[in-house]
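**Q** Pasting a predicted model and its sequence here:
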Amino acid sequence: MNDALLTIRDLSVHYHTDRGELKAMRHVNMDVPGGSIVGVVGESGCGKSTLISSIIRLLASNAIIPCGSITFEGRDLLGLSREEMRRLRGDRISIVFQDPMSTLNPVLSIGRQMVDIQYRSSASRAHKIKRATEMLASVGISDPGSRLKQFPHEFSGGMQQRISIAMALQAEPALLIADEPTTALDATLEVQIIHLLKKLQTDIGCSILFISHHLGVIAELCDYVVVMYAGEVVEEGTTREVFHNPAHPYTERLLRCDPASIATKTRSLPTIPGEIPDLVTLPQGCIFKNRCEHVMTQCEHLVPAWIESHSGHFVSCHLAAKPGND
Amino acid sequence: MTDVLEVKNVRVRFRVKSNFQALVQGIEDPFIDAVRDASFAILEGETFTLVGESGSGKSTLALAVAGLLPAEEGSVRFGGAEVTTMDHAALQAYRKQISFMWQNPVGSLSPRLSVGSLITEPYKIHKLAERDLKAECARLLKMVGLPREFSTRYPHQLSGGQARRVGVARALALNPKLIIADEPTAGLDVSVQGEILNLLNRLQDELGVAMFIITHNLNIVRHISDHTAIMYLGRFVELGPTDDIFEQPRHPYTLALLSANPEPDPDAAISRIELKGEVPSLMDRPGGCEFHTRCPFVGDGCDTNPPPLFTVSGAHTLTCHYPRG
Amino acid sequence: MIDILRRITREPLGMIGLVLVVLIVISALLAGVIAPYDPIELRIVDRLQGPSAAHLLGTDQLGRDLFSRVLYGGQVALKVALISIGAALGVGVLFGMIAGFGPRWLDNIIMLFFDTIRSFPTVMFALATVALVGPSLETVIAVIVVTTIPNYGRVVRTQTLSIRSNEFIKAERAMGASMVRILGVHVLPNVIGPLMILASMDIPTVIALEAGLSFLGMGVKPPTPSWGSILNDGYTLIRNTPWPIIAGSIPLVLITLGFTFLGESLRDLIDPKLRKNI
């Protein structure tokens, strides 16, 4: 994937804590091709939020980046000055968060906020208002002109999320990071938002990095999927490949656990027993070994390599590396 | 089997304007109905699930069942006794026989108490502290599959799944006849959800406790529930045995909910019923069938006449002018 | 507790605060042992001396040893501070929790009382009370208690309001817990932390108020030593010798710094929002 918009190579992020160095993200590789939707799946503690914060360079003050690079549109983001980085945010890279109520300023009208974030543009005020109206209409808000005068609390949760998306896409960014944008919404609204994102992505031609724990949503929306576990990317590939031929035992178990994939009634649902290892004192070998059904001797002390099991389908597991196993 | 709980025509309303505001603003009815005309029964040792989206009134109904909110109309009978007219002492005795599991696994545990004291709280509240609390605590922790050492931990030291188990242990403390669980899998990872649901299933098989589950997550309902009700704007739109609801859903809203559940399969054939717009405000209920503003199959009379009760078979009922089939 | 102490000593300001507070408290407690002279014994021959080996801070116009008077004055100051803040805390917490948890009308009544008290300027209120019932240690304490109750009450009320909407309170109610139990076991432990910080930062204010009243002759009755009365003596003698003024103000400055530093580092430790690390 040489035409990648965003390329992350060997990225690690650690946090200084009272207990020692918390290795929240280790040697992460990831590509977001231009004009595509990439899903990031993972459960709590997998490093999703650290990933987002490191891409937009808004990591907590106790974070350090021991190694790695983040290349966006040919530039290494980690090497940019604060000012250059600030100019990228909200212009080339923007974000939609989980909770729209906390992203919108409650005391300013929607219109005011949507005009204010166009501060980079030299267009006239009337033109900016026109742009805001168009954006609201494009996210499916009826009568956008008069609704610009309303305040966030006058909209329902689903509408607020639509407005956040409109604001994030107003500058036509190259990359939209969507951090669990549908988790706070009801199922029927979730479907609406997913379709909206897909439509806007095609219209604008941007890429979306879509973070979610909801496998069904990822399957429906994303072209590629990245599976994270305990701060590592364990599998990456096209959604179809990963969901149909999961190469990592964790992905396979995760897919089996989703109740939506179990069509017949059962009193005993599959689970992944065990807990994520402590990221301060990392275990030797494979990070998933304590919960893996297929654990082998080399998993105990040998970290599995990042290998291409099929073309474009990457995985870090000793099983996939076995000769003759495809 | 006998009913543990029998709910008949319950209506719960909230005041939204004071009398004075209502007078000044010329509003006739300063109340909104959060729950209207809800009737269902839970059999001994059975699981009943209430499915609805936010604002559907499902939690309100649960609180009314527990006697924590007054019901305006209708009756709630628990083991033959009427809950809505109970005095303080009777309610206190009633609360010994039902227990709650709240939505937020960690947030529903008092943050400055250790797990040990949290689990044994029901004994202290109901003046049963002369029991051997240490032994009770160990027994309950064992039942929910947590090691004994957990009794000295504090809520913030627990993961979501562990906190949820503590919540289950506390709910079991007084051997209740009924457990009311509000979104038992909310905030849990997929791999942990299964553990909690399996635990609830196992405990129900072992202890024969009845469960009243409230959720918006249809995925889990099929595997844990015996009877299911679908709620929209404070009313039941479809009610019946869970298998019937999943295999032969008849109400358009149920169909929409079921189809809004994306499967983790990129090639899954999606025949989706997408709903228009959003849930109307309770202050401004649509006339006729309350679902007609969003229904994709709206027909003659939907906007004027309340829908009739339609019986599919036996206990499977719905309210719709034009049931799908 | 030990953990908190250890973390306070890691920060320089916290450490300074802790040392100052411990030093002042110990010297006040052990005044009877440390003080070289009786603080109220008159020795006119030695009047108005500067610092010397015999009199570390010199003597006042009646020949009393200033160092001993400062030590005993510390006893008075701490006694006033602890009793009044303790009492104000107790009453403030009780009314604050009731206001925050109880019905709306009760909340309104309690808040009305709090606001009424707060609307009096403290010093005016103190002067008026002293004028009515006469100056004494008890009057000072009573005035301080009455005027600080609303401060604690309001903080506790706000905290209680935010705690009461938490799910664990709903859970307790559903289990049938009584209001007394909810307040005592579940609300109190969660409001007490920030309150202790507020109280420790209030101690110097209260001590300054006591000194101020005594300075005006409206507080502790002579000859009982108080930092305020030492200052007052020094004020009248300012043309003869600076030492009484210096002797009276040093402990006031030190105790203010000590408790403020300690309170601030406690606040940084306990309030997670102010912590820089995740």
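**A** Noted; the coordinates are in hand.

**Q** Get me the contact residues on the stretch 101-250 of chain C for chain B.
**A** Selection of the stretch 101-250 of chain C residues close to chain B by C-beta under 8 Å from any C-beta of the partner chain yields C:166-168, C:170-178, C:181, C:185-186, C:189-190. Backbone N, C-alpha and C define where each C-beta goes, glycine included.

**Q** now those: which count as buried?
**A** C:166-168, C:170-177, C:181, C:185-186, C:190 (16 or more other C-beta atoms under 10 Å in any protein chain shown).

**Q** and the two most separated of those residues?
**A** Farthest pair in those (C-beta to C-beta) is C:176 and C:190. Separation: 20.7 Å.

**Q** OK, contacts around residue C:188?
**A** Applying C-beta atoms under 8 Å, 6 or more residues apart in numbering or on different chains, one finds that residue C:188 lies in contact with C:93, C:97.

**Q** and if we set it to 10 Å?
**A** Shown in contact with residue C:188 (C-beta atoms under 10 Å, 6 or more residues apart in numbering or on different chains): B:112, C:93-94, C:97, C:156, C:160, C:163, C:182, C:195.

**Q** Where does it fall, secondary structure wise?
**A** For residue C:188, the host element (DSSP states H and E) is helix C:188-215.

**Q** picking up where we left off before, most neighbours among the contacts of residue C:188, which one?
**A** residue C:156 (27 neighbours; other C-beta atoms under 10 Å in any protein chain shown).

**Q** How much space separates that one from residue B:121?
**A** Distance, residue C:156 to residue B:121, using C-beta to C-beta, to the nearest Å: 23 Å.

**Q** and if you look at residue C:51?
**A** For residue C:51, the distance to residue B:121 - C-beta to C-beta - is 62 Å.

**Q** now do residue A:285
**A** 43 Å.

**Q** neighbour-wise, which of the two wins?
**A** Neighbour count, other C-beta under 10 Å: between residue A:285 and residue B:121, residue B:121 has more, with 23 against 18.

**Q** quick one on the thing from earlier: would you mind giving the contacts of residue C:188 as TSV with pLDDT and secondary structure added?
**A** As requested, the contacts of residue C:188 are exported to TSV (pLDDT from 0 to 100; DSSP: H, G, I helix; E, B strand; the rest coil):
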residue	pLDDT	secondary structure
B:112	88	coil
C:93	94	helix
C:94	94	helix
C:97	94	helix
C:156	93	helix
C:160	93	helix
C:163	91	helix
C:182	92	helix
C:195	86	helix
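
**Q** Okay, now the unreliable bits of chain C?
**A** Low-confidence segments of chain C, defined by pLDDT under 70: C:1, C:270-278.

**Q** Now do the contacts for the one residue sitting closest to the centre of it.
**A** Chain C has residue C:203 as the residue nearest its centroid, 2.2 Å off, counting by C-alpha atoms, centre = their mean. Contact analysis of residue C:203 by C-beta under 10 Å, 6+ apart lists C:21, C:77-78, C:80-82, C:84-85, C:255-256, C:258-260, C:262-263.

**Q** could you redo the last one with a cut-off of 7 Å?
**A** C:81, C:85, C:259 (C-beta atoms under 7 Å, 6 or more residues apart in numbering or on different chains).

**Q** Which part of the stretch 101-250 of chain A gets nearest to chain B, residue-wise?
**A** Among the residues of the stretch 101-250 of chain A, residue A:216 lies nearest to chain B; the distance is 3.1 Å by C-beta to the nearest C-beta.

**Q** phi, psi of that residue?
**A** Per-residue torsions, residue A:216: phi -60, psi -40 (degrees, to the nearest 10).

**Q** That one reaches residue B:263, doesn't it?
**A** Yes: counting by C-beta atoms under 7 Å, residue A:216 does reach residue B:263; the two are 5.4 Å apart.

**Q** Neighbour count for those two, which is higher?
**A** residue A:216 (22 against 19).

**Q** can you pull the pLDDT of that one?
**A** Residue A:216 is assigned 88 on the pLDDT scale.

**Q** Now do the contacts for it.
**A** Contacts of residue A:216 (C-beta under 7 Å, 6+ apart): A:258, A:260, B:261-264.

**Q** Where helices are concerned, which of those residues count?
**A** Judged by DSSP state H, the contacts of residue A:216 include no members of helices.

**Q** With respect to residue B:8, which of those residues is nearest?
**A** residue B:261 (31.4 Å).

**Q** In the stretch 201-326 of chain A, what residue lies closest to chain C?
**A** For the stretch 201-326 of chain A, C-beta to the nearest C-beta, closest residue to chain C: residue A:279, 12.9 Å.

**Q** Can you pull the phi/psi pair for the residue lying closest to residue A:291 once chain neighbours are set aside?
**A** Spatially, and ignoring its direct neighbours in sequence, residue A:291 is nearest to residue A:274 (3.9 Å; C-beta to C-beta, 6 or more residues apart in numbering or on different chains). Phi and psi for residue A:274, reported as degrees, to the nearest 10, are phi 100, psi 180.

**Q** cool, residue B:321 as well?
**A** Here residue B:321 shows phi and psi, under degrees, to the nearest 10, equal to phi -70, psi -40.

**Q** Neighbours of it, how many?
**A** 19.

**Q** What pLDDT is listed against it?
**A** 92.

**Q** which phi and psi does the nearest residue to it once chain neighbours are set aside have?
**A** Excluding its sequence neighbours, the residue lying closest to residue B:321 (C-beta to C-beta, 6+ apart) is residue B:307, at 5.0 Å. Dihedral pair for residue B:307: phi -70, psi 150, per degrees, to the nearest 10.
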